[in-house]
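In: need a structure here:
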Amino acid sequence: MNTLRFSLLLSLLSCGKEDNDPATDPEVGDPCDAEFTLTLADGSEFPMDDCKHHGVELEFASMPDTTLPQPHNISFIFRSTKDTSVNCWVRWEVQGSCPGRTQYDLGGEDSQLTWNTTDCAIDPAAQGEYVATFGSSEFTAMSTAPISGLEEGSPMAIAFSADVSATAEDGSQLEGTVVIDDEIPLVYTSFEGCSGSDGDTDQDGSIGTQYGGDDCDDEDPSIGPHAVEVCDEIDNNCDGNVDEGVTTTHYKDDDGDGYGRDDAPVEACTTPDGYAPYAGDCDDTDASTNPSQTEVCDGVDNDCDDVEDEGTKIAIYTDDDGDGYGEDPPVDTSCPDAVPAGFSAEGLDCDDDDPFVHPGAEEVCDGVDNDCNDAVDELPTCG
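Out: Predicted structure coming up:
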């Protein structure tokens, strides 16, 4: 937070007012009431409750519908030692706080939580530098009051408490409470608008997950537990799944014919490059072979129905005399343009040893059924 001067805090502020109560640790004073628990991704917990030093700074702004200036930018630092060169601290910042807005998103630009346990007296596994990428801080109480006027620098009595719950990128979590009861000088800043929330930023009726609710995108009212999942690569209904039940299956299509092979399908909202919405291609190297093709007689399963040349072959007959007609019955089948030698696509030859006898031959008066119509010498001239 550029406007907040932590260097001044670290050099001038300590744990607050001295307390003569013998029950109070003189090294801590009163009211250093912050405490935190660091939980690693594996579930190991490490308390950070030995508060020896804290600093707090508030910037106030005049806001619409308020009489007195209100806390607008807040900065707090907790240390487990008065030695500010030791890296064992928690820093919490909020910009744009406003009355009536109690919750602040730690994953946004206006509210941050960082912690450094490099020099803390804890297990080495928990030592390191952390930045919250998810979570929230929630004010459970907030009050400020002028002590002797509202001029810049005048003392202000402040009392607030807040709960924080944050998660770093590595899955580490920091949870804790901050309680402040102090006097600080009044510092004015410009009102920049309100960054906080009531927990339902998008006003869709569901609390954001960062605030402990179940709305996984509290900036978009179309996303939340109330939503119907649509195919857009977003978890619309916040159930932890993306596009469940609404994707379609697509198949690898190497030959670009609109049909893919059955192996290794993918689920997606739209067809990826190199894929097709239909399966069943039995030869994905040949664009002329797929389930939409018309079967032709070529020894290939053109329409991918696991049968070659079905419905395209013709019956063929043995044609010993080579006259283009064979003797019934047919002896095999063949593609029409590939009838083998010694066979014919036509039958009904009544004498397959005589090339001059077959259907369509010229009938002559010779005592033979030349045209195979079951009549002999049926010409008038043959009387």
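In: Any stretches of this protein with poor pLDDT?
Out: The chain contains residues with pLDDT under 70 at 1-32, 383.
In: Give me the domain ranges for the protein.
Out: Per automatic domain parsing, the structural domains of the chain span 6-185, 313-383.
In: quick one: the shortest one to chain centroid distance?
Out: Distance of domain 313-383 from the chain centroid (Cα atoms, centre = their mean, to the nearest Å) equals 73 Å.
In: do stretch 139-151 as well
Out: Its chain's C-alpha centre and that of stretch 139-151 lie 45 Å apart, by Cα atoms, centre = their mean.
In: before we move on, the earlier item: give me whichever of the domains of the chain is most buried.
Out: The highest mean neighbour count among those, using mean count of other Cβ atoms under 10 Å, belongs to domain 6-185: a mean of 17. In this view, the C-beta of every residue, glycine as well, is placed from N, C-alpha and C.
In: want to throw the domains of the chain into CSV with distance to Glu219?
Out: What follows is those, written out as CSV (distance: least, Cβ to Cβ, whole Å):
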stretch, distance to Glu219
domain 6-185, 9
domain 313-383, 66
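In: quick one, which of those is nearest to Cys238?
Out: Of all those, it is domain 6-185 that lies closest to Cys238, at 14.3 Å by Cβ to Cβ.
In: residue contacts, the nearest residue to Glu192 once chain neighbours are set aside?
Out: With sequence-adjacent residues excluded and distances taken as Cβ to Cβ, 6 or more residues apart in numbering, Glu192 is closest to Gly96, at 5.8 Å. Residues in contact with Gly96 (Cβ atoms under 8 Å, 6 or more residues apart in numbering) are 72-73, 110, 192-196.
In: ok, now with 6 Å
Out: By Cβ atoms under 6 Å, 6 or more residues apart in numbering, Gly96 lies in contact with 110, 192-195.
In: Check Thr189 too.
Out: Counting by Cβ under 6 Å, 6+ apart, Thr189 touches 59, 61, 72.
In: any chance of the residues you listed in JSON lines, plus secondary structure and distance to Val300?
Out: Below are the contacts of Thr189 laid out as JSON lines (DSSP: H, G, I helix; E, B strand; the rest coil; distance: Cβ to Cβ, whole Å):
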{"residue": "Glu59", "secondary structure": "strand", "distance to Val300": "80"}
{"residue": "Ala61", "secondary structure": "strand", "distance to Val300": "80"}
{"residue": "His72", "secondary structure": "strand", "distance to Val300": "77"}
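In: With respect to Thr285, which of those is nearest?
Out: Taking Cβ to Cβ as the measure, His72 is the one of the contacts of Thr189 closest to Thr285, at 68.1 Å.
In: Dump the contacts of Gly96 to JSON lines, plus secondary structure and distance to Glu362.
Out: JSON lines is the format used below for the contacts of Gly96 (three-state DSSP; distance: Cβ to Cβ, whole Å):
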{"residue": "Asp110", "secondary structure": "coil", "distance to Glu362": "106"}
{"residue": "Glu192", "secondary structure": "coil", "distance to Glu362": "110"}
{"residue": "Gly193", "secondary structure": "coil", "distance to Glu362": "107"}
{"residue": "Cys194", "secondary structure": "coil", "distance to Glu362": "108"}
{"residue": "Ser195", "secondary structure": "coil", "distance to Glu362": "106"}
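In: Just the buried residues of the residues you listed.
Out: Neighbour counting over the contacts of Gly96 (16 or more other Cβ atoms under 10 Å) leaves 110, 194-195 as the buried ones.
In: Can you give me the buried ones in stretch 228-236?
Out: Buried positions in stretch 228-236, judged by neighbour count with 16+ other Cβ under 10 Å: 229, 231, 234-236.
In: got a list of contacts for that stretch?
Out: Residues from elsewhere that reach stretch 228-236 (Cβ under 6 Å, 6+ apart): 216, 223, 227, 237, 242-243, 246-247, 269.
In: do that again at 7 Å, thanks
Out: Contact with stretch 228-236 is made by 216, 223, 227, 237, 241-247, 269, as judged by Cβ atoms under 7 Å, 6 or more residues apart in numbering.
In: Let's have those residues in TSV, adding secondary structure.
Out: As requested, those are exported to TSV (DSSP: H, G, I helix; E, B strand; the rest coil):
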residue	secondary structure
Cys216	coil
Ile223	coil
Ala227	coil
Asn237	coil
Asn241	coil
Val242	coil
Asp243	coil
Glu244	coil
Gly245	coil
Val246	coil
Thr247	coil
Cys269	coil
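In: Only the buried subset of these, as a ChimeraX command please.
Out: Applying 16+ other Cβ under 10 Å to the contacts of stretch 228-236, the buried members can be selected in ChimeraX as follows:
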select :216,223,227,237,243,247,269
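In: of all the contacts of stretch 228-236, which comes closest to Ala125?
Out: Nearest to Ala125 among the contacts of stretch 228-236 is Cys216, at 30.0 Å by Cβ to Cβ.
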